[in-house]
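Participant: Got a predicted structure here, sequence first:
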Amino acid sequence: MHVHTLTHCRICSGQRRRRFLHLPEMPLTDDFIPRERFGQEFRHDIDVFICEDCLTVQTQHDVDMGDYYEDYQYAVGASPSASRFMRLLAGHLLSKYLAGRKGIKVLEVGSGDGGQLLAFKELGCEVLGYEPSTLLTRAAICKGIPTIQGLFTAGSINYLPASFKTVDVVMLSYTFDHLPQPREFIAAAQSILNPDHGLLVIEVHNLQKILERQEYCLFEHEHSIYLTTATALALAARERMTIIDFDLVPEADRRANSLLFVATPSASRLAGQFPPAKSTAPPELGNLNFYAGQAELIKGGIANLDTFVNRITAGGKRIAGYGAGGRGIMTMAAMQAASKLCYVVDKKPKGVGLVAPKSGVPLVGIPALKESPVDEILVFSFGYMKEIQSELASFGYQPRQFHSLVDVLAGRASQ
Ligand SMILES: [Zn+2]
């Protein structure tokens, strides 16, 4: 796979970039491979920088991902709490900002299996998805969600159907921070948004939360930028957009690590009607020296994970991981002791006989926890802890056998 290195900041084009984190030889998050091909998968260092001029945290390399996303199968839509979130988001957005409007058009970029657009459609919106993955596009179309298959680029706007040349909502859920040129995307979105009341709705990982929890696993090749409320506000303003909402869906109803914002063209009626949102990022996130200290904390977190797994297995006990999404794969990839995990469980494993990239941990479905029981379970997808615990109670697992990734990283694990 081709890797392209940048020479300037993705947001302000400045050249004063400071590297603060180095994760050597990391894989792609969804690149599961047959055991016999282990070692041949893509691996490349992940270096994370902060721009000294605009303070946007970012990577400075792009991996050519076309085929990879085409084969991507990971969908959040399967979980009840994810479906609930999608309905809340659509309902709140329409009632708060677009109440009384008819024929609302919603375009989602990176629309996955169409779960979010279905929530908008059920409320009477006209919807259109854009999704690179073949499998997810097919799943969306089966649900009755019109979806164009492909990677969305600035040029894609020219290929939208005539009825979607102007839209009321452009939505991106955990897609915006995958774009190599995020600023160019905002400009393109603005060009099709209704200038009177158009809304750009973006959900990404919140850098502030990543650092609070030392969730280094979210530093991925797939991610280009890592925003806080402060850098999101500044980025939107560069493209004459105003963020009017950071709390569209209450934090308790969002995924574990979410920065959700609603922006509108700065000259729109909505920008006049609603006050601009305020940054809630603590001031130290604007201090360049803060970031070197964070890298040290992250190294400590990785050491805590290794100690935890080593202690359990040294006592003759068996441990498995739960959740083979990006969190699980990247967490294991940076550890020394990950190969001591018996396996990593996923609700919908990508295939049979596969192992996780770099760590080589076997990927299995939920029945493995019954057929080949373990003593302890390290839960990578900790946002779904309660659902996972109640689902596995029928196999005889007790709540005390589950350990949240966040607790282990912070050295708070009970084992
Ligand atoms: Zn910059």
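Facilitator: That came through, no problem. Numbering: from 1, shown residues only.
Participant: need the contact list for the closest residue to the ion within the stretch 251-400 of the chain.
Facilitator: Proximity of the stretch 251-400 of the chain to the ion (Cβ to the ion) peaks at residue 288, 12.2 Å away. Backbone N, C-alpha and C define where each C-beta goes, glycine included. Residues in contact with residue 288, defined by Cβ atoms under 8 Å, 6 or more residues apart in numbering, are 18, 50, 52, 55.
Participant: Could you look up the SS state of it?
Facilitator: coil (DSSP: H, G, I helix; E, B strand; the rest coil).
Participant: Torsion angles phi and psi at it?
Facilitator: Backbone torsions of residue 288, given as degrees, to the nearest 10, read phi -60, psi -40.
Participant: Let me know the distance separating it from residue 334.
Facilitator: 24 Å (Cβ to Cβ, to the nearest Å).
Participant: lowest-confidence helix or strand of this protein?
Facilitator: Lowest mean confidence among the helices and strands of the chain (mean pLDDT, DSSP states H and E): helix 66-70, at a mean of 69.
Participant: buried set for whatever helix or strand comes next after that one?
Facilitator: Following helix 66-70 in sequence order, the next helix or strand is helix 80-97 (DSSP states H and E). The neighbour-count check on helix 80-97 (16 or more other Cβ atoms under 10 Å) flags 82-83, 85-90, 92-94, 97 as buried.
Participant: Determine the longest strand present in this protein.
Facilitator: The longest strand of the chain (DSSP state E) is strand 17-26.
Participant: In which helix or strand does the closest residue to residue 4 other than its chain neighbours reside?
Facilitator: Once flanking residues are discounted, residue 4 sits nearest to residue 62: 4.7 Å by Cβ to Cβ, 6 or more residues apart in numbering. Using DSSP H and E, residue 62 falls within strand 61-63.
Participant: chain center to that strand, what's the gap?
Facilitator: 17 Å (Cα atoms, centre = their mean, to the nearest Å).
Participant: what are the pairing partners of it, and which direction each?
Facilitator: Looking at strand 61-63 with DSSP bridges, its partner strands are strand 3-5 (antiparallel).
Participant: What average pLDDT does the strand it pairs with get?
Facilitator: For strand 3-5, mean pLDDT rounds to 94.
Participant: Same check on stretch 387-397?
Facilitator: In the prediction, stretch 387-397 has an average pLDDT of 96.
Participant: Now do the end-to-end distance for that stretch.
Facilitator: Stretch 387-397 has an end-to-end distance of 13 Å (criterion: Cα to Cα, to the nearest Å).
Participant: Could you list the residues in contact with that stretch?
Facilitator: Residues contacting stretch 387-397 (Cβ under 8 Å, 6+ apart): 79-81, 322, 366, 369-370, 373, 377, 379, 381, 399, 402.
Participant: tell me the two of the residues you listed that are most distant?
Facilitator: For the contacts of stretch 387-397, the farthest-apart pair by Cβ to Cβ is 81 and 373; their separation is 26.6 Å.
Participant: So residue 233 belongs to a helix, correct?
Facilitator: Yes: applying three-state DSSP, one finds residue 233 inside a helix.
Participant: That one against residue 241, yeah?
Facilitator: No: between residue 233 and residue 241 there is no contact under Cβ atoms under 8 Å: 9.8 Å.
Participant: Any residues of the stretch 1-150 of the chain in contact with the ion? List them.
Facilitator: Residues of the stretch 1-150 of the chain found near the ion (Cβ under 5 Å from the ion) are 9, 11-12, 14, 51, 53-54.
Participant: Okay, strands next: where are they in the stretch 51-200 of the chain?
Facilitator: 57-59, 61-63, 105-109, 126-131, 147-149, 169-173, 199-205 (DSSP state E, counting those that start in this stretch).
Participant: could you give me the average pLDDT of the third one?
Facilitator: The average of the pLDDT scores along strand 105-109 is 98.
Participant: please begin residue numbering at 44 from this point
Facilitator: Noted, 44 is the first residue going forward, which turns the last one into strand 148-152.
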